[in-house]
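Asker: 3D model of this:
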Amino acid sequence: MFPHDSAKHPTAQAPGQVPPELGRRGIGRRSLLLGLGTLPAAMALANCSGGTGGGAGEVEPVEYEQGSSALKVELGPEIDGVPYPEGYVGPRARELEPFGDGSTAFTVLTRSEAKLKLATNEHSQYLEEKTGVRVEYSTVPQGDEGTPKINAIISSGDLPDAFMLGPEWMGGFTKAQLYAYGEQGLFQPLDQLIDEYAPELQQLFEQNPDLRASWTAPNGAMYAIPAVNQCYHCNSSDTRTWVNTTTMKAAGWSEHPKTLDEFEQMLRDMKASDPDLLPMSGDSSVLPFGLIAASFMNFGIQRIRRDGDTIVYTPLDEQFRKVLEVAARFTADGLIDRNTYTQTNDQLKRLTMNKEKSRVGVLQMGNQWGVADIDFGNGNERWREFVALSAFAGPEGQTPIIPWDEGHSDAVGLVISSACEDPATMVRWADVQLGLLPSLERGMGTLGLYWDWADGEQLGIDGRPALYAKLPAEATKPDNVGWPEFSPHNSSLDVRHGEAVNEKTSVEPELFRSGKLYEPYRSPIESLYRNPFFTTAQSAEIGELRTNLDTTYAQLTTQMAMGDLDPTNDSHWEQFVAGFTNAGVERYLEVLTEADAARR
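Answerer: Alright, predicted model coming up:
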């Protein structure tokens with residue numbers, strides 16, 4: 001049901017490192033630069049456009065006070081017999097009554113996908129039946145290919161009624177774009193409409209008190225209906241490290257190491273027990289320093305950590321120098337495979353999937369799809385040999401700190417443009433999709449055909465009684481049934497974990513256990529830097545600076561680990577620091593601080 005954080009995105013980044021396809025649940029770097037660098041030009045074109053689709057005009061200040069209007073619509077009655085587990089927090093299954101008359105077709109721009117035909121799609125038809133709202137969909141590709149087309153549509157001024165372009169990893173709008181286009185009058189502020197016509201979203205705000213504030217721009221307006229996907233295991237995926245249990249036991253280890261010294265000894269024992277074994281390996285996008293770093297410091301998310309009101313770029317932390325000393329020693333001694341710094345994920349998996357046995361003992365990866373090939377039911381069980389490796393204490397007994405990313409769980413669901421003459425109906429249409437039944441039908445298809453409520457005996461991902469279960473027909477359902485996650489939906493933690501799973505056909509239970517393994521060491525919430533609403537100028541600058549810093553980090557970290565630079569040498573460490581200074585780290589932190597202060 002939730003392929004975005006497993007099958008579709010098998011590789012996770014090194015701690016704080018932006019991976020190739022995501023900017024931490026974000027768009028790729030090229031998309032980021034396209035989306036931000038061309039944004040001012042697109043807005044300028046829209047402002048002078050002669051298009052008829054509701055381009056920007058005079059923008060009035062946003063004066064509405066959130067929460068000052070009462071709901072004008074009510075939630076439908078709850079459906080009986082739904083087996084919510086004890087303590088369930090999330091949307092409820094409710095009866096839905098149409099509120100649209102179908103006389104007007106709303107235009108919505110969304111994403112294309114192979115074999116997805118929205119005009120005849122079952123979920124499209126389900127929403128029209130349940131809401132009475134008729135929608136005509138047009139599409140653009142995901143990611144880099146779609147970004148120029150979206151910019152061209154916005155520049156033309158011939159806008160659709162709404163945009164439903166998904167989270168940033170699909171190439172969807174960033175908060176900076178919402179803010180910029182909203183202030184230009186291209187996107188409508190939705191605060192009063194949300195208060196009056198979005199009862200599902202109101203409940204979501206009550207269950208997640210910080211959610212509304214996180215989507216409120218500095219001018220006090222919300223320009224999007226959010227989508228929520230609370231992926232528990234994703235919180236620690238940047239650090240998740242796997243050990244091959246067969247290899248570990250062959251080296252004489254029945255328990256996971258509890259200290260960095262023990263971890264090093266385990267690697268040396270692995271090497272001694274099998275000369276052909278690579279005790280640690282990885283691919284160039286996921287350098288295996290996560291648990292090593294955690295034993296010294298809080299490495300942060302995207303290499304950013306908050307220390308009170310100070311924002312820290314963690315590779316410049318003196319503790320990270322000690323991390324590099326360990327990485328360099330491990331690499332020099334053959335404990336870390338030197339190919340780690342250059343090889344691809346496919347090359348890594350050829351090692352883990354070696355016919356006789358895995359040639360890798362330990363590697364860092366967000367989930368099992370990047371660890372080994374997975375083909376359920378066909379005897380391909382190598383991936384099951386890998387389990388999450390416990391965090392271990394530092395050399396002076398420091399308690400490990402796992403960077404815990406709680407800022408990834410919500411994304412843009414729907415944006416209403418200035419062209420829409422009936423935004424209230426669009427808000428209601430989006431709000432319905434946040435209910436439990438539409439959220440589940442979006443991912444799995446029709447209730448009773450492809451899935452049903454759990455029978456009371458089944459267990460969910462988290463070991464509690466399950467809420468729902470897939471039916472056999474779901475495995476062979478035809479194309480064009482559900483939607484990808486480009487739309488509003490409420491996949492709360494309890495909704496995700498409420499799926500009845502079979503460990504023989506799902507990686508989710510093991511991912512849940514790995515999250516529980518790391519949770520005792522989670523970084524304090526106060527240390528998490530949440531991406532704010534950057535201004536247009538800040539966005540363009542941040543995009544360029546982040547790209548420069550990402551490149552610098554990859555190059556200098558590799559040089560330190562490979563021995564081209566020596567982290568124990570003061571002049572080499574000064575050269576390391578100077579590299580980031582030249583890449584603009586001081587200005588980067590200034591912009592982050594400025595944007596953060598505006599949010600507060």
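Asker: three-state assignment of residue 452?
Answerer: Under DSSP: H, G, I helix; E, B strand; the rest coil, residue 452 falls in the strand class.
Asker: Let me know the pLDDT of residue 34.
Answerer: Turning to residue 34, the model gives it a pLDDT of 33.
Asker: Ok, the one 3 residues further on next?
Answerer: Among the per-residue scores, residue 37 holds a pLDDT of 37.
Asker: In the stretch 451-600 of the chain, mark out all the strands, start to finish.
Answerer: For the stretch 451-600 of the chain, the strands defined by DSSP state E, counting those that start in this stretch cover 451-453, 468-470, 490-491.
Asker: distance of the closest residue to residue 374 other than its chain neighbours from residue 436?
Answerer: Closest residue to residue 374 apart from its sequence neighbours, by CB to CB, 6 or more residues apart in numbering: residue 383 at 5.2 Å. Every C-beta, even on glycine, is put in place using the N, C-alpha and C of the backbone. Going from residue 383 to residue 436 by CB to CB, to the nearest Å gives 32 Å.
Asker: Then residue 375?
Answerer: Distance from residue 375 to residue 436, counting by CB to CB: 32 Å.
Asker: Compare these two and say which is more crowded by neighbours.
Answerer: Neighbours per residue (other CB atoms under 10 Å) separate residue 375 from residue 436, with residue 436 holding more: 25 against 9.
Asker: Now do the contacts for that one.
Answerer: Each residue near residue 436 by CB atoms under 8 Å, 6 or more residues apart in numbering is listed here: 82, 90, 91, 92, 93, 94, 490, 495.
Asker: Show only the entries of these found in strands.
Answerer: Per DSSP state E, strands hold the following members of these: residue 490.
Asker: among the contacts of residue 436, which are in helices?
Answerer: Per DSSP state H, helices hold the following members of the contacts of residue 436: residue 495.
Asker: Which of the contacts of residue 436 lies at the shortest distance from residue 594?
Answerer: When these are compared for distance to residue 594 (CB to CB), residue 490 wins out at 33.1 Å.
Asker: burial measure for the nearest residue to residue 405 once chain neighbours are set aside, as a count.
Answerer: Spatial nearest neighbour of residue 405, excluding adjacent residues (CB to CB, 6+ apart): residue 301 at 4.7 Å. For residue 301, the count of nearby residues is 26 (other CB under 10 Å).
Asker: how far away is residue 301 from residue 531?
Answerer: Noted for residue 301: a distance of 10 Å to residue 531, by CB to CB.
Asker: which neighbours do those two share?
Answerer: residue 407.
Asker: all strands of the chain, in order?
Answerer: Per DSSP E, the chain carries strands over the ranges 105-111, 134-140, 162-163, 225-229, 241-244, 278-281, 304-307, 310-313, 360-364, 386-388, 410-416, 451-453, 468-470, 490-491.
Asker: Relative to residue 118, which of these is closest?
Answerer: Residue 118 lies closest to strand 134-140 among those, at 4.0 Å (CB to CB).
Asker: How about the closest one, which residues are buried there?
Answerer: 135, 137, 139, 140 (16 or more other CB atoms under 10 Å).
Asker: got a list of what the closest residue to residue 319 other than its chain neighbours touches?
Answerer: What sits nearest to residue 319 in space, not counting adjacent residues and going by CB to CB, 6+ apart, is residue 297, at 3.8 Å. Residue 297 is in contact with 314, 317, 319, 320, 323, 401, counting by CB under 8 Å, 6+ apart.
Asker: do residue 89 as well
Answerer: 207, 492, 493, 494.
Asker: what about 10 Å?
Answerer: Residue 89 makes contact with 207, 208, 230, 492, 493, 494, 495 under the criterion CB atoms under 10 Å, 6 or more residues apart in numbering.
Asker: out of the residues you listed, which is most surrounded?
Answerer: Neighbour counts for the contacts of residue 89 (other CB under 10 Å) peak at residue 495, which has 26 neighbours.
Asker: Can you check which of the strands of the stretch 451-600 of the chain gets nearest to residue 310?
Answerer: strand 490-491 (34.4 Å).
Asker: average pLDDT for that closest one?
Answerer: Computed over strand 490-491, the mean pLDDT rounds to 96.
Asker: One more: stretch 77-93?
Answerer: On average, stretch 77-93 scores 97.
Asker: Of the contacts of residue 89, just say which sits nearest to residue 253.
Answerer: Distances from residue 253 to the contacts of residue 89, taken as CB to CB, are shortest for residue 493 (33.7 Å).
Asker: so that closest one makes contact with residue 85?
Answerer: No - checked against CB atoms under 10 Å, the pair residue 493 and residue 85 is beyond contact range at 11.4 Å.
Asker: Name the residues contacting each of these two.
Answerer: Residues touching both residue 493 and residue 85 (CB under 10 Å, 6+ apart): residue 462.
Asker: Give me the buried stretch members for stretch 457-475, please.
Answerer: For stretch 457-475, by 16+ other CB under 10 Å, it's 458, 460, 461, 462, 465, 466, 467, 468, 469, 470, 471, 474.
Asker: State the number of residues packed around the nearest residue to residue 195 once chain neighbours are set aside.
Answerer: Leaving aside its sequence neighbours, residue 195 sits nearest to residue 69 (CB to CB, 6+ apart; 4.3 Å). Using other CB under 10 Å, residue 69 is surrounded by 15 other residues.
Asker: which ones are touching residue 69?
Answerer: Residue 69 neighbours (CB under 10 Å, 6+ apart): 191, 192, 193, 194, 195, 196, 197.
Asker: want to throw those into TSV with neighbour count and distance to residue 243?
Answerer: Formatted as TSV, these follow (neighbours: other CB atoms under 10 Å; distance: CB to CB, whole Å):
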residue	neighbour count	distance to residue 243
191	21	49
192	20	54
193	24	51
194	24	47
195	19	51
196	17	54
197	24	51
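Asker: Show me the two of these that sit farthest apart.
Answerer: Largest separation among the contacts of residue 69 by CB to CB: 191 and 197, giving 11.4 Å.
Asker: need the contact list for residue 467.
Answerer: Going by CB under 10 Å, 6+ apart, residue 467 touches 82-85, 88, 90, 93, 436, 440, 453-454, 458, 460, 494-500.
Asker: So what's the gap between the biggest helix by length in the chain and the chain middle?
Answerer: Taking DSSP H as the criterion, the chain has its longest helix at helix 536-562. Distance, stretch centre to chain centre, for helix 536-562: 20 Å (CA atoms, centre = their mean, to the nearest Å).
Asker: Next, the buried residues of it.
Answerer: Neighbour-count burial for helix 536-562 [16+ other CB under 10 Å]: 536, 538-550, 552-554, 556-562.
Asker: One more: stretch 256-268?
Answerer: Buried residues in stretch 256-268, counted by 16+ other CB under 10 Å: 256, 257, 259, 260, 263, 264, 266, 267, 268.
Asker: pLDDT (mean, whole number) over that stretch?
Answerer: Regarding stretch 256-268, the rounded mean pLDDT is 98.
Asker: mind exporting that stretch as PDB, just the C-alpha atoms?
Answerer: In PDB, the C-alpha atoms belonging to stretch 256-268 read as follows (Å, rounded to 0.1, in the frame of the first residue of the first chain):
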ATOM      1  CA  HIS A 256      25.200  -7.500  18.400                       C
ATOM      2  CA  PRO A 257      28.200  -5.400  19.500                       C
ATOM      3  CA  LYS A 258      27.400  -2.900  22.300                       C
ATOM      4  CA  THR A 259      30.300  -0.500  21.800                       C
ATOM      5  CA  LEU A 260      32.300   0.900  18.900                       C
ATOM      6  CA  ASP A 261      35.300  -1.200  20.000                       C
ATOM      7  CA  GLU A 262      33.200  -4.300  19.900                       C
ATOM      8  CA  PHE A 263      31.800  -3.400  16.500                       C
ATOM      9  CA  GLU A 264      35.400  -3.000  15.200                       C
ATOM     10  CA  GLN A 265      36.300  -6.300  16.700                       C
ATOM     11  CA  MET A 266      33.300  -8.000  15.000                       C
ATOM     12  CA  LEU A 267      34.400  -6.600  11.700                       C
ATOM     13  CA  ARG A 268      38.000  -7.900  12.300                       C
END
